[in-house]
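Student: build the 3D model from these lines:
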Amino acid sequence: MIIFKKIQFYFALWVAKFTALGLKIMGRKGTSLPGSLAIILCHDFFKYMDKPKTIIGITGTNGKTTTANLIADALIKCGIDFVGNREGSNTPTGVASVMIANGNWLGKQKKQVAVFEIDERSSLSVFPYVKPNFLLITNIFRDSYRRNAHVEFICDILNNGIPSETKLILNGDDPLCSSLGKNCEKVFFGLAKQDFEENALKNLVRDGTFCPVCENPLTYDFIRYHHIGNAHCEKCGYTSPIAKYKGVKADAENSLLTIEINDKNYTGKLLDDNPINIYNQLSAIAVLCEFGIEPEKAIACFDNISIDKTRFTKTTLYNKTLFSYLAKCQNPIACSRVFENIRNFPGKKCVLLYLDDRLDSKYSVENMAWIYDTDFEFLNDESITQIIFSGARRKDVYVRLLLAGISEDKIKTTEEISQMLDVVDLDASDSFIICHDITFNSNFTKQRLKEMINANYSEAKEGN
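Tutor: Residues are numbered from 1 along each chain as shown. Below you'll find the predicted structure:
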């Protein structure tokens, strides 16, 4: 039986490698196809495939890709040779494809360090054989109803999948995240309350309201957003864990981040003053230090690194500013964070919502309940002059905006997505914010807006 399994494994490996070679000749990446074939042909492919000696895993609801990219960029700066799925899928087939590409024709791995972004639901399929030495869990939030159901569902999957020998690097400000992996060694990262932050619950949704030890209601001493903050239990004495990697001060004006590590302060470049990205940077530094890089060197890695520009871009043209902002459709927490940031941008703003999940509506029935978990109330602000949207679910969004108290005069909707820019009032706003789903390519919209602003500026100049 073992001999047959080995033959089956090698057959699957060789078919996958020939497929990858063929795709390369055709100029196609094929980031998951080789792995898909390997797993179809040999269901326990991971069991027989050689693994890198050191595996860094990154999972969690939000921030996986950004943090994985930061870690990868920092390792490159440190001169560490590694393999990862940066340009591929974070599912088992994507991880398998990377290992196939990194392995020789007998399955032996060439590079002995791996950085794998892993989807939370995939952990049950990956972790039994691909056991991370270090596993970063960024946070746990409710996500798409169709994919990730609810936070307890994801926590159960992770707890059942995480190997006991894996060292966990967890968000200490998230009681759901910090309570994972009870039998594992853990270290925590966190962000201290900043001088500019208010202690107020602003969001519709707050999970993590019960003590992870005794299930008594938690008392929050400080809430940053949703359930992220500092909490304690008055019944059993549970408190948010002490962070080994603690963001002490985020100085946005000077782009500096002060971090306390083992009671010693270090200061480096602040990549972005958005709390979400501060957490991403802190978690990446924690991973690098746990991997064995000295804190000074790990922090210095970010001096010439930036956040992935596919998530957020900013362009200034004459006296107008164009923003492109990724907001994962059907993810109420991700959209709520984006909407609050939009509200806080300076000046008058026009918001264009491209949030229809086109792929989902093509292959399944879209569940619109997520819009009632999303804080559209953040868009009910005097600084926002227009909210423009389209798509198959535009009427649902229209009703949700009205329920958020937004004036009908500000709401503009069109039957076709291509018509959205036709109703933009260029003179009414200083900034134009393209808020888009992961499946939407915003480049055409940005280019068209630039052309409109150019034309409007030229006409105004001629008029003077």
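Student: so residue 299 sits in a helix?
Tutor: Yes - Residue 299 forms part of a helix when assessed by DSSP: H, G, I helix; E, B strand; the rest coil.
Student: low-confidence stretches in the protein?
Tutor: In the predicted model of the chain, residues 1-2, 4-5, 29-30, 149, 308-310, 357-366, 460-464 satisfy pLDDT under 70.
Student: for residue 332, what are its contacts?
Tutor: The contact partners of residue 332, taken as Cβ atoms under 8 Å, 6 or more residues apart in numbering, are 142, 205, 370-371, 373-375. Placement of C-beta: from N, CA and C, glycine included.
Student: specify the local secondary structure of the nearest residue to residue 386 once chain neighbours are set aside.
Tutor: Excluding the flanking residues, the one nearest residue 386 by Cβ to Cβ, 6 or more residues apart in numbering is residue 350, at 4.3 Å. Following three-state DSSP, we place residue 350 in the strand state.
Student: so residue 350 makes contact with residue 428?
Tutor: Yes - using Cβ atoms under 8 Å, residue 350 is in contact with residue 428, at 6.9 Å.
Student: give me the common contacts of the two.
Tutor: 385-386.
Student: the two: who's more crowded?
Tutor: residue 350 (24 against 12; other Cβ atoms under 10 Å).
Student: grab the longest helix from the chain for me.
Tutor: Secondary structure of the chain per DSSP state H: the longest helix is helix 2-25.
Student: any idea how far it is from the middle of the chain?
Tutor: 33 Å (Cα atoms, centre = their mean, to the nearest Å).
Student: for the residue nearest to residue 386, list the residues it contacts.
Tutor: 384-386, 388, 424-425, 428-429, 431-433.
Student: show me which of those residues are buried.
Tutor: In terms of neighbour count (16 or more other Cβ atoms under 10 Å), the buried residues within the contacts of residue 350 are 384-386, 388, 424, 429, 431-433.
Student: residue 325: which of the residues you listed is nearest?
Tutor: Nearest to residue 325 among the buried ones among the contacts of residue 350: residue 433, at 6.1 Å, using Cβ to Cβ.
Student: give the buried residues for stretch 249-269.
Tutor: Residues of stretch 249-269 classed as buried by neighbour count (16+ other Cβ under 10 Å): 249-250, 257-261, 266, 268-269.
Student: kindly report the same for stretch 13-25.
Tutor: By 16+ other Cβ under 10 Å, the buried positions in stretch 13-25 come out as 13-17, 19-20.
Student: dump those to a markdown table, plus distance to residue 420.
Tutor: Formatted as a markdown table, the buried residues of stretch 13-25 follow (distance: Cβ to Cβ, whole Å):
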| residue | distance to residue 420 |
| --- | --- |
| 13 | 48 |
| 14 | 50 |
| 15 | 46 |
| 16 | 43 |
| 17 | 46 |
| 19 | 41 |
| 20 | 40 |
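Student: which one of those residues is nearest residue 285?
Tutor: Once Cβ to Cβ is applied, the member of the buried residues of stretch 13-25 that ends up nearest residue 285 is residue 20, at 34.0 Å.
Student: doesn't residue 99 make contact with the closest one?
Tutor: No - contact criterion Cβ under 8 Å: residue 20 and residue 99 do not qualify, at 11.4 Å.
Student: which residues of the stretch 51-200 of the chain fall in strands?
Tutor: Shown for the stretch 51-200 of the chain, the strands assigned by DSSP state E, counting those that start in this stretch span residues 54-59, 83-84, 113-117, 134-137, 167-171, 186-191.
Student: so can I have JSON lines of the ones you listed showing mean neighbour count?
Tutor: Listed next are those as JSON lines, based on neighbours: other Cβ atoms under 10 Å:
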{"stretch": "strand 54-59", "mean neighbour count": "25"}
{"stretch": "strand 83-84", "mean neighbour count": "22"}
{"stretch": "strand 113-117", "mean neighbour count": "24"}
{"stretch": "strand 134-137", "mean neighbour count": "26"}
{"stretch": "strand 167-171", "mean neighbour count": "24"}
{"stretch": "strand 186-191", "mean neighbour count": "23"}
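Student: could you dump those strands into TSV with distance to residue 290 added?
Tutor: Below are these laid out as TSV (distance: least, Cβ to Cβ, whole Å):
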stretch	distance to residue 290
strand 54-59	9
strand 83-84	17
strand 113-117	13
strand 134-137	6
strand 167-171	6
strand 186-191	6
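Student: out of the ones you listed, the one nearest residue 104 is which?
Tutor: strand 83-84 (13.0 Å).
Student: adjacent strands (with direction) for the closest one?
Tutor: strand 113-117 (parallel) (DSSP bridges).
Student: residue 244 - how many residues pack around it?
Tutor: For residue 244, the count of nearby residues is 19 (other Cβ under 10 Å).
Student: spit out the contact partners of it.
Tutor: So residue 244 contacts 187-189, 261-262, 286 (Cβ under 8 Å, 6+ apart).
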